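**Student:** Show me the folded form of this:
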Amino acid sequence: MSNEDLEYAKKLLRIVDVIENYNYYLMRRSIGMIFIVIIALTSIIISIISMIEQTFELTYFAASLLYFSSFSLFFMIIILLSYNIGKIPAIYSMKRVSYRDHGKIWTIIGGFILVTSFIIYNTWVPDFYFPFILQASFGAGFIGDYLISRKQPEFPGKIDQEYLPIGLALLLFSPIILIYQDFSWIIAFMSITIGTFIFGIYLLLTAGKVFEKREAKDESRGT
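**Tutor:** Residues are numbered from 1 along each chain as shown. Okay, here's the model as predicted:
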């Protein structure tokens, strides 16, 4: 086989590899997009609620209803967006990875957050416990994603280890909110938004790692 034929064969293998792994590339980018959208909506909703609460000087009961209804709408929007964004990879490939277990975890966590928010803002429980629970719940959700991902079969660009650092950071640093109670919302908001935003951006920027296996093989053969 001539050098030209060999080079042409390598190019064909490269094209096949791109086609086979493009689904996983889109999958990694889609998950990153979902987390960025979640943070954007969280920031918008909390900002709007804060403005309404301060403008109209709502009672605790009215504020709790506002929080409950707003976050209920938030989780409905996230479910719809996640479902539609998650369908993007399936359009390009028959290879599919189920994320139902991940969805179940975040559904349970979302329901827990809604219930605790309603209870805290309508009982004697101090308000600063809600941002503490919010941050700890997000941390538990990421750790749950990590545990579920470990049980999934290996595939290019698999997201598993990435969930653990952000989950542990959110969970382990959540008690700081109980120490600095006056800054509870600031701590929780900054930790969740910055951490999750960085996580989403990281997934987007590293989506190309799904093609690294073929490139590593080509380099080893070249040497």
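
**Student:** Residue 66 contacts residue 59, correct?
**Tutor:** No: counting by C-beta atoms under 8 Å, residue 66 does not reach residue 59; the two are 10.4 Å apart. The C-beta positions use only the backbone N, C-alpha and C, and glycine is treated the same way.

**Student:** And those two? Which one has more around it.
**Tutor:** Using other C-beta atoms under 10 Å as the criterion, residue 66 and residue 59 rank with residue 66 on top: 17 against 10.

**Student:** Quick check, pLDDT for the more buried one.
**Tutor:** For residue 66, the model assigns a pLDDT of 79.

**Student:** Residue 51 too?
**Tutor:** 82.

**Student:** Please, which helix or strand holds it?
**Tutor:** helix 3-56 (DSSP states H and E).

**Student:** So what's the gap between that helix and the chain middle?
**Tutor:** 11 Å (C-alpha atoms, centre = their mean, to the nearest Å).

**Student:** Please apply the same query to stretch 57-76.
**Tutor:** Computed by C-alpha atoms, centre = their mean, the chain-centroid distance of stretch 57-76 equals 23 Å.

**Student:** Contacts for it, please.
**Tutor:** Contacts to stretch 57-76, defined as C-beta atoms under 8 Å, 6 or more residues apart in numbering, come from residues 41-42, 45, 48-49, 52-53, 107, 110, 113-114, 117-118, 120-122.

**Student:** From residue 201, how far off is the residue nearest the centre of the chain?
**Tutor:** The residue lying closest to the centre of the chain (C-alpha atoms, centre = their mean) is residue 35, at 3.7 Å. As judged by C-beta to C-beta, to the nearest Å, residue 35 and residue 201 stand 9 Å apart.

**Student:** swap in residue 9?
**Tutor:** 37 Å.

**Student:** This structure: helices as residue ranges?
**Tutor:** Under the criterion DSSP state H, helices of the chain are mapped to 3-56, 60-86, 88-92, 100-120, 129-151, 163-173, 176-179, 184-205, 212-222.

**Student:** Could you export these as CSV, including distance to residue 157?
**Tutor:** Formatted as CSV, those follow (distance: least, C-beta to C-beta, whole Å):
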stretch, distance to residue 157
helix 3-56, 5
helix 60-86, 15
helix 88-92, 11
helix 100-120, 16
helix 129-151, 12
helix 163-173, 14
helix 176-179, 33
helix 184-205, 9
helix 212-222, 9
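
**Student:** Please identify the most buried of these.
**Tutor:** Neighbour counts (mean count of other C-beta atoms under 10 Å) averaged over each of the helices of the chain peak at helix 129-151, with a mean of 20.
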